[in-house]
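> Show me the folded form of this:
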Amino acid sequence: MNDLPTDFSAAHAAAVFHDFSTASPLVHCLTNDVVQSFTANVLLALGASPAMVVDPGEAAHFAALADALLINVGTLESTRADVMLAAVHSANQAGKPWVLDPVAVGGLRFRTDFVRELLPCKPAAIRGNASEIIALTGLASQGRGVDSLDASITAIPAARELAARWSTVVAVTGEVDYVTDGVRLWAVNGGHSVMTRVVGTGCALSAVVAAFCARGVDRLSQVATECAVMARAGEQAAAQASGPGSFTPAFLDALARLRQEAQTCAL
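Residues are numbered from 1 along each chain as shown. I've put the predicted structure just below:
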């Protein structure tokens with residue numbers, strides 16, 4: 001095991017993103033109410049197909065039909081928890097990957113207990129901020145709602161522990177993103193601070209993780225590439241935007257442009 005992170009190769013990201021850009025995975029998003037529209041637009045910009053099927057009678061059935069499932073507990077309540085659990089079991093039975101976004105875990109007991117109940121169901125990937133990832137291991141973290149007061153680098157041991165214990169890929173996102181499968185550890189640099197001032201960038205990132213996991217080959221590379229693509233789009237959008245209000249459309253345009261470039265291997 002390498003104790004120090006290795007910078008993720010741009011050439012490796014370009015190859016993985018080119019492969020992704022030729023696909024159009026259907027992503028079933030059981031996500032929070034605040035970010036549904038933005039999440040859908042981010043997936044569409046990257047060529048994926050979003051679906052938000054939340055009815056208790058349909059969600060489990062649809063989870064087996066989609067290429068990947070996202071579980072985001074941002075606006076969790078008891079009925080939605082039941083729907084999510086049923087969808088996870090259905091996706092597992094159908095052999096479809098599912099991704100966990102443990103929003104605000106650690107600070108609130110109901111969602112923390114629920115997410116820990118989900119972990120044995122073996123998510124293909126977990127994407128969270130440093131405080132959320134640390135809290136998932138049962139350690140004290142410095143989260144404040146959806147915000148992390150822990151630096152992403154401090155969550156590396158927790159990320160490795162989670163990845164090894166549950167045979168998954170864990171992405172800790174922050175000023176630098178760290179992605180691990182419990183053995184390999186990659187650092188993904190880039191992005192821009194304005195991304196933290198726009199509602200939904202982290203949640204949308206988790207949906208894109210699910211879309212990349214649908215490719216099914218070397219998920220560590222898939223997740224690291226997704227982080228690199230989102231960071232690159234954030235940099236490009238921030239260079240054009242005058243603030244958070246103009247950042248969102250610029251970000252969607254940047255994602256679509258990167259996908260077009262990737263189709264010709266120009267990431």
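> you'd agree Cys213 is up against Val223?
Yes. The criterion here is CB atoms under 8 Å, and Cys213 meets it with Val223 at 7.1 Å. Quick note: C-beta positions are derived from backbone N, CA and C, even for glycine.
> what residues does the helix or strand His28 falls within touch?
Secondary structure assignment for His28, by DSSP states H and E: strand 26-30. If you take CB atoms under 8 Å, 6 or more residues apart in numbering as the criterion, strand 26-30 is touched by 36, 39-40, 43, 48-54, 59, 62-63, 65-72, 80, 83-84, 87, 91, 207, 210-211, 214.
> mind listing what's buried in the longest helix anywhere in the chain?
Counting residues, the longest helix found in the chain (DSSP state H) is helix 219-240. Neighbour-count burial for helix 219-240 flags 219-234, 236-238 (criterion: 16 or more other CB atoms under 10 Å).
> ditto for stretch 153-172
Quick answer for stretch 153-172 (16+ other CB under 10 Å): 154-156, 158-163, 166, 168-172.
> quick one, helices of the stretch 151-267 of the chain?
156-166, 201-213, 219-240, 244-262 (DSSP state H, counting those that start in this stretch).
> gap between Arg111 and Asn32?
Arg111 is 11 Å from Asn32, where distance means CB to CB, to the nearest Å.
> Can I get the longest helix of the chain in CSV, CA atoms only?
Extracted in CSV, the C-alpha atoms of helix 219-240 (Å, rounded to 0.1, in the frame of the first residue of the first chain):
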residue,chain,number,x,y,z
ARG,A,219,-14.2,1.8,-11.0
LEU,A,220,-11.3,3.5,-9.3
SER,A,221,-10.3,5.0,-12.7
GLN,A,222,-13.9,5.8,-13.5
VAL,A,223,-14.5,7.7,-10.3
ALA,A,224,-11.1,9.6,-10.5
THR,A,225,-11.9,10.5,-14.1
GLU,A,226,-15.3,11.9,-13.1
CYS,A,227,-13.6,14.0,-10.4
ALA,A,228,-11.1,15.3,-12.9
VAL,A,229,-13.8,16.2,-15.5
MET,A,230,-15.9,18.0,-12.9
ALA,A,231,-12.9,19.9,-11.7
ARG,A,232,-11.8,20.9,-15.2
ALA,A,233,-15.4,22.1,-16.0
GLY,A,234,-15.4,24.1,-12.7
GLU,A,235,-12.1,25.8,-13.7
GLN,A,236,-13.3,26.7,-17.1
ALA,A,237,-16.7,28.0,-15.9
ALA,A,238,-15.1,30.1,-13.1
ALA,A,239,-12.8,31.8,-15.7
GLN,A,240,-15.9,32.9,-17.6
